[in-house]
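Asker: Compute the structure for the input listed below.
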Amino acid sequence: MTTAPVKDQRRLLDLQALDTRLARLAHQRRSLPVLAALEELRGRAEDLHRAQVEARTVASDTRRELTKAEADVEQVRARAARHQATLDSGTGLSRELVALQDELAKLAQRQEVLEEVELEIMERMDAAESRVTDLDAQEQAISADVAHHEAQRDAAFATLDEEARKVAEDRARLAGELDPELVDLYEAARRRTGGLGAVGIHGHRTDGVQVDFSLTELAAIDAAGPEEVIVSEDHGYVLVRLDEQ
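Answerer: Numbering: from 1, shown residues only. Predicted coordinates:
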């Protein structure tokens with residue numbers, strides 16, 4: 001059986017209040033609205049990154065396609081220029097010159113087709129590069145938004161952490177003033193219950209939390225001496241009596 005002065009037992013409720021405050025601060029830290037906003041922004045950033053990779057790939061592929069189309073047009077133009085130079089020189093057999101004229105006509109048609117292809121690719125190139133530019137602008141905007149929210153988060157963290165530090169100091173000081181055996185009993189109760197170690201009771205009524213006791217436990221509470229520390233067998237809490245002894 002553990003015993004402790006009545007005033008020390010009642011101070012367990014002060015210790016519990018500090019632990020509850022620390023738990024609430026930790027919960028606040030985990031559930032800040034800015035954290036959800038940052039998570040949403042990071043999700044958007046990931047989606048945007050994938051879109052950027054795709055857009056840059058399209059732009060790169062289209063750029064290569066345009067380079068080839070330009071080379072095809074230039075090749076036809078160069079060949080036509082050579083034929084035209086030969087015709088202008090007037091050298092060669094007449095049938096060869098006639099053939100060159102036919103070839104020039106075909107090259108002109110071929111060049112027209114290739115230039116249309118080139119123009120279509122250039123339009124797609126412009127659209128692809130515009131898409132990349134737009135996505136890059138979106139990335140910059142999201143990055144700025146993330147930085148803004150991170151600053152808000154860090155400020156909130158600093159405020160909560162400072163408050164938690166002060167509460168933890170008060171908690172350590174109070175725990176150090178109590179009998180270690182009493183504190184160990186309280187800590188064991190907290191581990192069993194997941195955080196609630198001490199509960200105040202007025203007669204048979206608990207303070208702040210609804211607890212139903214069996215008739216056997218109520219009898220044990222009534223029979224316990226003032227300095228006897230009562231631990232609920234049914235619920236695991238240290239029961240701190242608040243009535244005048």
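Asker: how does the chain divide into domains?
Answerer: Domains of the chain are assigned by automatic domain parsing as 6-26+179-241, 32-162.
Asker: Out of those domains, the one nearest residue 171 is which?
Answerer: Between residue 171 and the domains of the chain, the tightest spacing by CB to CB is seen for domain 6-26+179-241, at 4.2 Å. The C-beta positions use only the backbone N, C-alpha and C, and glycine is treated the same way.
Asker: quick one: the closest one to chain centroid distance?
Answerer: Remark: domain 6-26+179-241 is offset 39 Å from the chain centroid, using CA atoms, centre = their mean, to the nearest Å.
Asker: Serialize the domains of the chain to TSV and add fields for mean pLDDT.
Answerer: Shown next, in TSV, are the domains of the chain (pLDDT from 0 to 100):
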stretch	mean pLDDT
domain 6-26+179-241	91
domain 32-162	92
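Asker: okay if I get those domains as TSV plus distance to residue 173?
Answerer: Listed next are those as TSV, based on distance: least, CB to CB, whole Å:
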stretch	distance to residue 173
domain 6-26+179-241	10
domain 32-162	17
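Asker: most tightly surrounded among those domains?
Answerer: Mean neighbour count (mean count of other CB atoms under 10 Å) peaks for domain 6-26+179-241 among those, with a mean of 16.
Asker: From one end of that domain to the other, what's the distance?
Answerer: Chord length of domain 6-26+179-241, first to last residue, is 8 Å (CA to CA, to the nearest Å).
Asker: out of the domains of the chain, nearest to residue 169?
Answerer: domain 6-26+179-241 (9.8 Å).
Asker: so which helix or strand takes in the residue nearest the centre of the chain?
Answerer: Computing the C-alpha centroid of the chain and ranking residues by CA atoms, centre = their mean puts residue 39 first, at 3.0 Å. Per DSSP states H and E: residue 39 is located in helix 33-89.
Asker: dump the residue contacts of residue 48.
Answerer: Residue 48 makes contact with 135, 138, 139, 142, according to CB atoms under 8 Å, 6 or more residues apart in numbering.
Asker: May I ask which helix or strand encompasses the second one?
Answerer: Element membership for residue 138 (DSSP H and E) is helix 94-177.
Asker: list the helices and strands that helix packs on?
Answerer: Where contact means 3 or more CB pairs under 8 Å, 6 or more residues apart in numbering; DSSP states H and E, helix 94-177 is packed against helix 6-30, helix 33-89.
Asker: mind checking how far the residue nearest to the centre of the chain is from residue 77?
Answerer: As for residue 39, its distance to residue 77 is 56 Å (criterion: CB to CB, to the nearest Å).
Asker: What of residue 18?
Answerer: Applying CB to CB, one obtains 86 Å for the distance of residue 18 from residue 77.
Asker: doesn't residue 206 fall inside a strand?
Answerer: Yes - looking at residue 206 with DSSP: H, G, I helix; E, B strand; the rest coil, it is inside a strand.
Asker: what's near enough to touch the closest residue to residue 38 other than its chain neighbours?
Answerer: Computed as CB to CB, 6 or more residues apart in numbering, the closest residue to residue 38 that is not its neighbour in sequence is residue 149, at 5.0 Å. By CB under 8 Å, 6+ apart, the contact set of residue 149 is 34, 37, 38, 41.
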